[in-house]
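**Q** Have a look at this fold, sequence not included:
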Ligand SMILES: [Zn+2]
């Protein structure tokens, strides 16, 4: 495992600074924390059935703060913004992120994450996809780079024994309609 090209470039350009108890990447304060801190809070939300709230808070934070900061600072838009954030995510330990398909016109895509450390830690501790933090990151970044509000749902998860986590990104109304249809079909089955 070598050292990330993006982080090397940022270091040389003095876009990563660590001093006086602060770590700044592109001027934004960051925290390095053990993976287990995220895993424990996700597990707690899973047990209390509050993962949707977790998702909403993270999505809002990503969309309103970090991706907006990067967009403003580097003037990156659409695909270039999404690619830059994907690379930074990989370089800072969130997993190896790949865009399988992205459609900037129809505002949808499929994203896969290998070596997702949180999901690996939670392997066989949950019975449904757990990476609401990654889904929220995907939704927040995609909403900003598509310039249209989208949502993101995890359909495969390493915590369930899949070789990677897979996320579907679609326009918000489409996902909501699917949920309504699904809940109706459950009612009809009963
Ligand atoms: Zn997952």
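**A** Structure's in. What do you need? Note that the coordinates shown come from a computational prediction; the quantities given were computed from them, not determined experimentally. Numbers count the residues shown, from 1 in each chain.

**Q** is residue 109 in a bridge, and if so with what?
**A** Per DSSP bridges, residues listed as beta-bridge partners of residue 109: residue 102, residue 169.

**Q** That one: how many residues sit nearby?
**A** In terms of burial, residue 109 registers 22 neighbours under the definition other Cβ atoms under 10 Å. The way it works is simple: take the backbone N, C-alpha and C, and place the C-beta from them, glycine included.

**Q** you'd agree it is up against residue 102?
**A** Yes: using Cβ atoms under 8 Å, residue 109 is in contact with residue 102, at 4.0 Å.

**Q** What are the buried residues along the helix or strand of the chain with the lowest mean pLDDT?
**A** Scoring the helices and strands of the chain by mean pLDDT, DSSP states H and E places helix 172-189 at the bottom, with a mean of 77. Buried residues in helix 172-189, counted by 16 or more other Cβ atoms under 10 Å: residue 175.

**Q** Show me what that helix is packed up against.
**A** When contacts are defined as 3 or more Cβ pairs under 8 Å, 6 or more residues apart in numbering; DSSP states H and E, helix 172-189 sits against strand 150-156.

**Q** tell me how far the strand it packs on is from the chain's mean position?
**A** Distance, stretch centre to chain centre, for strand 150-156: 10 Å (Cα atoms, centre = their mean, to the nearest Å).

**Q** Likewise for stretch 9-28?
**A** 22 Å.

**Q** circling back to that earlier point, compute the inter-axis angle for the least confident helix or strand of the chain and strand 150-156.
**A** With axes from the mean of the first three to the mean of the last three Cα atoms, to 10 degrees defining the directions, helix 172-189 sits at 50 degrees from strand 150-156.

**Q** which residues do residue 109 and residue 102 both contact?
**A** Contact with both residue 109 and residue 102 is made by no residue, according to Cβ atoms under 8 Å, 6 or more residues apart in numbering.
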